[in-house]
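> please find the sequence and the predicted model below.
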Amino acid sequence: MFLDPLQSRSLLANALANRYAILAINADSHAAVTDCLEAARQCDAPVIIETSLWQLDGHAYGGGDAIFGLTRYLAELAVLAASERYRDVPVMFHTDHIKGPRTVAILSAALRGVRMPLTGEAGVLRASTVSLDASTLTDEENVALLCQLADIAKAAGAPATFEMESEVDAGHTPIERTKKLIGAVEARHPGVVWMWAPGLGTQHGLASDGYPEFRVDLIGENIAAIKALTGRDVGLALHGSSGLDEANLAAASRAGVVKVNWSSESLLLRSRAAMDYYQTKRDTLADPKHNAWKSTAMDNGVQSHVAAHYVPRVVARMKILGGAGRGLAFLKTLSP
Ligand SMILES: [Zn+2]
């Protein structure tokens with residue numbers, strides 16, 4: 001089931017109350033999206049599919065036009081999530097790391113919703129949750145941009161559920177900055193921020209040292225500070241989880257991380273499996289007269305090989321985060 005922005009708040013609150021985290025995978029192809037939903041189905045976990053600008057622009061979706069990519073992404077996820085196979089999987093779509101001059105245009109489309117070209121008036125789909133890349137912004141710019149987006153959503157009569165971030169690659173965000181940033185948005189747009197992504201000591205990319213600077217104790221401190229400011233239970237989003245060990249991932253989920261972003265390690269798993277496929281099948285592919293040439297050369301060949309290696313690893317990660325067995329139970333809490 002594809003979750004709208006208000007249903008997504010319920011899922012995030014459910015994760016925080018039950019102390020599990022939802023795996024948020026940067027998926028950059030149709031095959032990757034299918035594999036992630038399949039993993040979620042196999043272990044009955046909710047899942048977040050997220051896209052950065054490079055995926056919206058990328059070959060599988062936008063082909064250089066990020067808003068077209070957004071439309072195509074939303075259409076695919078809506079169809080998949082409504083299918084008999086995946087309708088019991090809670091699926092959120094999140095915009096992750098959008099930056100640069102097209103930020104407002106792309107995120108406005110994500111918030112207002114895009115009209116599906118083939119379904120007429122009724123077919124408006126919008127992102128479940130939205131964030132922007134604040135890495136090049138000052139605190140003031142970060143607050144102003146989020147408030148601008150909240151204004152745009154409000155003017156369109158669209159509910160907006162945001163993740164706000166600060167310094168996710170820069171060590172440990174001081175609690176005073178948490179209060180300053182969340183407080184500033186809350187003063188102008190109460191009730192729109194439902195995830196907070198501070199620096200917790202990890203970084204984007206693949207860690208080789210397991211992040212000795214990672215601090216689980218900051219999670220509860222941030223949640224308490226936001227609760228005091230807003231009255232809401234707002235969970236944390238963890239960026240840069242590739243290379244963080246299983247014990248820390250599990251501890252972070254129990255402490256109040258509700259969304260764990262996963263990109264680099266996911267890409268490594270998929271690309272290595274594809275490399276393995278092409279190396280193993282090299283002789284068959286080199287001989288178009290081979291009776292298995294066509295089935296080997298089809299995209300289905302490599303995609304099925306990648307899925308067989310990748311899906312079990314996604315399931316394992318969902319289990320580490322405590323998300324397994326939570327999907328259907330959450331959907332039953334939603335009012336019909
Ligand atoms: Zn990130």
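Everything's here; your move.
> verify the stated contact: Y61 with G69.
Yes: taking C-beta atoms under 8 Å as the definition, Y61 is a contact partner of G69 at 3.6 Å. Every residue, glycine included, has its C-beta placed from N, CA and C.
> skipping adjacent residues, who's closest to the closest residue to the ion within the stretch 151-300 of the chain in space?
The stretch 151-300 of the chain approaches the ion most closely through H239 (3.4 Å), counting by C-beta to the ion. Among residues not flanking H239 along the chain, V168 sits closest, at 4.1 Å (C-beta to C-beta, 6 or more residues apart in numbering).
> quick one, phi/psi of that neighbour?
phi -70, psi -20 (degrees, to the nearest 10).
> that one and G205 touch, don't they?
No: assessed by C-beta under 8 Å, V168 is found out of contact with G205, at 11.9 Å.
> buried stuff in the helix or strand hosting A273?
Under the criterion of DSSP states H and E, A273 resides in helix 264-280. Residues S264, E265, S266, L269, R270, A273, A274, Y277 are the ones in helix 264-280 that count as buried (16 or more other C-beta atoms under 10 Å).
> centre of the chain to it, how far?
21 Å (C-alpha atoms, centre = their mean, to the nearest Å).
> that one and the ion in contact?
No: contact between helix 264-280 and the ion is absent, the nearest approach being 10.0 Å (criterion: C-beta under 5 Å from the ion).
> whichever helix or strand comes after that helix packs against which elements?
Note on helix 264-280: by DSSP H and E, the next helix or strand toward the C-terminus is helix 282-286. In terms of contacts (3 or more C-beta pairs under 8 Å, 6 or more residues apart in numbering; DSSP states H and E), helix 282-286 is packed against helix 293-297.
> so for the helix it packs on, mean pLDDT?
The average pLDDT within helix 293-297 is 98.
> quick one: contacts of the next helix or strand after it?
With elements assigned by DSSP H and E, the helix or strand that comes after helix 293-297 is helix 299-320. For helix 299-320, the external contacting residues (C-beta atoms under 8 Å, 6 or more residues apart in numbering) are 23, 25, 31, 34-36, 38-40, 42-43, 45, 47, 246, 249-250, 253, 262, 266, 269-270, 272-274, 276-278, 281, 295, 324.
> which parts of helix 299-320 are buried?
Here helix 299-320 shows 301-303, 305-307, 309-311, 313-315, 317-320 as buried, counting by 16+ other C-beta under 10 Å.
> how about the residues of this structure near the ion?
H239, N261.
> ok, which stretches of the chain are helices?
5-18, 30-43, 53-56, 66-82, 103-112, 139-155, 175-188, 217-230, 246-255, 264-280, 282-286, 293-297, 299-320, 327-331 (DSSP state H).
> elements contacting the second one?
Using 3+ C-beta pairs under 8 Å, 6+ apart as the contact criterion, the neighbours of helix 30-43 among helices and strands are strand 47-51, helix 66-82, helix 299-320.
> 10 Å - rerun?
Applying 3 or more C-beta pairs under 10 Å, 6 or more residues apart in numbering; DSSP states H and E, one finds that helix 30-43 contacts strand 22-26, strand 47-51, helix 66-82, strand 91-95, helix 264-280, helix 299-320, helix 327-331.
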